[in-house]
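S.K.: Below are the sequence and a predicted model for it; my questions follow.
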Amino acid sequence: PRAKKPNYEYVDRDQKYRKRIKDATGKYVAIYGKTESELTDKLIEFCEQREEEVSDMENPLVNDYAQRWLSLNCGGISQATKKSYQSILNNRIKPYMEGLHMKDVRPNDIKAITTRVAQCSESVHNTTFMLLKRIFTTAFENGDIPNNPCPVMHNGGVPPQEKKALTADQVTVLLDAVRETRAYLFCMIGLYAGLRVEEILGLKWSCVHLEGTPKIEVRWAVRHARNKAVVSETLKSDAAKRVIPIPDILVDALKEAKANCTSEFVFCNTTNGPLSYIQYKHLWHAVVCRTTQE
């Protein structure tokens, strides 16, 4: 029969004692020590740490689980939405779940968070609850927790104030103020075609039809990632892809702009590409610096 190995193996090459032991994932790792006594101390420390890691794997911290959930479920959503979810996670959920483990969360813990955001906007309230619901529902369906602590969704938050459209006089004042600036055409498209900011920045001349029945096709949008403009056919919703008839006053402004433009984009930079975020802010500064009151 093979001779039984000593408790600790001495490695001549390293001149150290060695012991192979399983880690929290079940994989064997080697622990070394200059003396048997030192190796014993290291093994005790390793075993204590392993027990904590095993406990965390079976019952992870809420904040760690939530962050991992977001990274696994952010595919297919825009950068703006992902940024919004991360902000809600960092500011509305994580501070109140600090130190709590997934299996230790109770319905009252969820209610405590939703109560705190009840005085925030309706959007913040609903997004906070939606993220909590999806995180814990995923954990329950995966068998990571025995029960789902999230209660039934309830209304909350402060409804947004109704935004008032500009009056005819205000439209005139605005356009007169920004005339002869790049913001003039930008404001014209927003006022008379109702395009969103990202849709105006992504507008191509191929989608602007000035003959026959003048119209604008909304097909592209520009979103900014670290100041860089990213052109995409992904709009805010399916209904955002639309065809909009435009009045003669906007047709005239577009014709004048098209005669002096060599880019495929209605609003372009010096290299004929779409505007970066900083370039857009410079364009909009023409409105900001002329603003006298809300």
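M.R.: Great, that's in hand.

S.K.: Could you use CA atoms for every contact and neighbour count after this?
M.R.: Will do.

S.K.: surely Gly190 meets Arg196?
M.R.: Yes: counting by C-alpha atoms under 8 Å, Gly190 does reach Arg196; the two are 7.0 Å apart.

S.K.: got the contact list for the residue nearest to Lys16 when sequence neighbours are not counted?
M.R.: Leaving out its chain neighbours, the residue that sits closest to Lys16 by C-alpha to C-alpha, 6 or more residues apart in numbering is Lys34, at 4.7 Å. By C-alpha atoms under 8 Å, 6 or more residues apart in numbering, Lys34 lies in contact with Gln15, Lys16, Tyr17.

S.K.: Which ones among the residues you listed lie within strands?
M.R.: Lys16, Tyr17 (DSSP state E).

S.K.: Report all helices and strands that the helix or strand Thr114 falls within contacts.
M.R.: For Thr114, the element it lies in under DSSP states H and E is helix 107-116. Applying 3 or more C-alpha pairs under 8 Å, 6 or more residues apart in numbering; DSSP states H and E, we find helix 107-116 packed against helix 122-141.

S.K.: and the angle from the helix holding Thr114 to helix 122-141?
M.R.: Comparing the axes of helix 107-116 and helix 122-141 via axes from the mean of the first three to the mean of the last three C-alpha atoms, to 10 degrees yields an angle of 160 degrees.

S.K.: Please export the C-alpha coordinates of helix 107-116 as CSV.
M.R.: Output of helix 107-116 as CSV, limited to C-alpha atoms (Å, rounded to 0.1, in the frame of the first residue of the first chain):
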residue,chain,number,x,y,z
PRO,A,107,-41.7,42.9,3.1
ASN,A,108,-41.2,45.8,5.6
ASP,A,109,-37.7,46.4,4.2
ILE,A,110,-39.2,46.9,0.8
LYS,A,111,-42.0,49.1,2.1
ALA,A,112,-39.4,51.2,4.0
ILE,A,113,-37.7,52.0,0.7
THR,A,114,-40.9,52.8,-1.2
THR,A,115,-42.1,55.0,1.6
ARG,A,116,-38.9,57.0,1.4
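
S.K.: State the mean pLDDT of that helix.
M.R.: The pLDDT scores in helix 107-116 average 90.

S.K.: Now that helix: buried residues?
M.R.: Asp109, Ile110, Ile113, Thr114 (16 or more other C-alpha atoms under 10 Å).

S.K.: residues in contact with the closest residue in space to Leu132 that isn't next to it in sequence?
M.R.: Closest residue in space to Leu132, ignoring its immediate chain neighbours: Cys150 at 7.2 Å, by C-alpha to C-alpha, 6+ apart. In this structure, Cys150 makes contact with Pro107, Ile110, Leu132, Lys133, Phe136, judged by C-alpha under 8 Å, 6+ apart.

S.K.: Name the SS class of Cys150, please.
M.R.: coil (DSSP: H, G, I helix; E, B strand; the rest coil).

S.K.: Same question for Arg2.
M.R.: Assignment for Arg2 (three-state DSSP): coil.

S.K.: any idea of the pLDDT on it?
M.R.: Arg2 is given a pLDDT of 70.

S.K.: Pro247 now?
M.R.: 95.

S.K.: Pretty sure it sits against Tyr192.
M.R.: Yes: applying C-alpha under 8 Å, one finds Pro247 in contact with Tyr192, separated by 7.2 Å.
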